[in-house]
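Enquirer: no sequence on this one, just coordinates:
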């Protein structure tokens, strides 16, 4: 299989490269997506860049033109992402969850009127979305959630708690998975909604992380009223809707190559550092490690291309998206740990005082969370084994048991 650019792809790459050169912003130093919504030069810059991309059709190249895309191919999207990274921009933005997970889910299950209202503001960075799935007592068992939605005429009344919600403190809307039938087995009694994060009864509490940032949040729901018109999919079919979101999430994480930290950054560090026997880049064991990660990165890239090919045929992301997410998260942790080992005492520094402005320190602290988000390593290995390789499934004693008869753990 030939992975070099075709003449058409090469022409598109040159077009993108020239456009980015003309329009790309100068990156703000010290910017932080985790600041308050609308605050900070970095955040304002991200909104402006997102709007520029949307105006040119580059914000979501594969989306139909009616939704602000170019109607392009997944490979064209890959090319744009590569050129963004080459220019030192792009990467993890406050719009990634909305555009990568929530809006694609709405596209799969909602009508044109809803899409006409929500797609464009998300595409232009005017409205930000979060994903409200995980709960304190659920662990990796997303389907074990207990946030309750009860019918009240044409509305639903929601009570419960979510946790580890990325970006909830600056989000305008959220995709919310609830339990609407406690008498059904746990995977069959779920229903999905979307709601305004400014709704009465919604309380967001940021969680302070080891890095000092607050990327995750607790979200509490106290008699929150959601119209039935904001239901996504059928009543009781929320698990199928959630799987669509999760597959898009794993594809997004797996396609992210570890938040911008990969072999090129490790090479730059190895060229910069001096070991006892000379430059780190000339050390045989260092070169061997870098070569190993290069091979893994190449395998990951081509696996992602295979998934992109399936998407170009109109398919939804499948269980194979778990492969990329599993590799990216583990590689980021291993690569960052190795980089800190190379840095020696300097590995304890942060920010501008650390080599490469502390990029690997931040990567090392972020990696454990990335290995949990969107499915733990163990969950993903089971998915790959059962749904990709066709191996026998684990025995599930709770498969047909009504949810209200399962141990609650409380």
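Expert: That came in fine, so what should we check first? Everything numeric in this text was worked out from a predicted model, so none of it was measured. Residues are numbered from 1 along each chain as shown.
Enquirer: need the contact list for the residue sitting furthest away from the middle of the chain.
Expert: Of all residues in the chain, residue 277 has its C-alpha farthest from the mean position, at 40.7 Å, by CA atoms, centre = their mean. For residue 277, the contacting residues are residue 283, by CB atoms under 8 Å, 6 or more residues apart in numbering. Using the backbone N, CA and C atoms, a C-beta is placed for each residue, glycine as well.
Enquirer: any idea how far it lies from residue 342?
Expert: In this view, residue 277 and residue 342 are 13 Å apart by CB to CB, to the nearest Å.
Enquirer: Residue 374 now?
Expert: Taking CB to CB, one finds residue 374 at 29 Å from residue 342.
Enquirer: the more surrounded of the two?
Expert: residue 374 (27 against 21; other CB atoms under 10 Å).
Enquirer: any idea of the mean pLDDT in the longest helix anywhere in the chain?
Expert: Assignment by DSSP state H gives helix 284-312 as the longest helix of the chain. Across helix 284-312, pLDDT averages out at 83.
Enquirer: May I see the buried residues of that helix?
Expert: Within helix 284-312, the residues that qualify as buried are 286, 289, 290, 293, 296, 297, 300, 303, 304, 307, 308, 311, counting by 16 or more other CB atoms under 10 Å.
Enquirer: Show me the protein divided up by domain.
Expert: Following automatic domain parsing, the chain resolves into domains at 7-90, 129-238, 255-388.
Enquirer: Which of the ones you listed sits closest to residue 406?
Expert: Closest to residue 406 of those, according to CB to CB: domain 129-238, at 6.8 Å.
Enquirer: how far away is residue 205 from residue 109?
Expert: With CB to CB as the criterion, residue 205 and residue 109 are 30 Å apart.
Enquirer: One more: residue 373?
Expert: Applying CB to CB, the value for residue 373 to residue 109 is 23 Å.
Enquirer: Now the element after the helix or strand of the chain with the lowest mean pLDDT, going C-ward?
Expert: None of the helices or strands of the chain scores lower by mean pLDDT, DSSP states H and E than helix 238-254, at a mean of 79. Once helix 238-254 ends, the next helix or strand along the chain (criterion: DSSP states H and E) is helix 263-272.
Enquirer: Can you pull the phi/psi pair for residue 124?
Expert: The phi/psi pair for residue 124 (degrees, to the nearest 10) reads phi -90, psi 0.
Enquirer: Please name the nearest non-neighbouring residue to it.
Expert: Leaving aside its sequence neighbours, residue 124 sits nearest to residue 54 (CB to CB, 6 or more residues apart in numbering; 4.5 Å).
Enquirer: In contact with the one you found, which residues?
Expert: By CB under 8 Å, 6+ apart, the contact list for residue 54 reads 68, 120, 123, 124, 125.
Enquirer: Ok, residue 159 next?
Expert: Contacts for residue 159 (CB under 8 Å, 6+ apart) come out as 147, 148, 221, 222, 223, 224.
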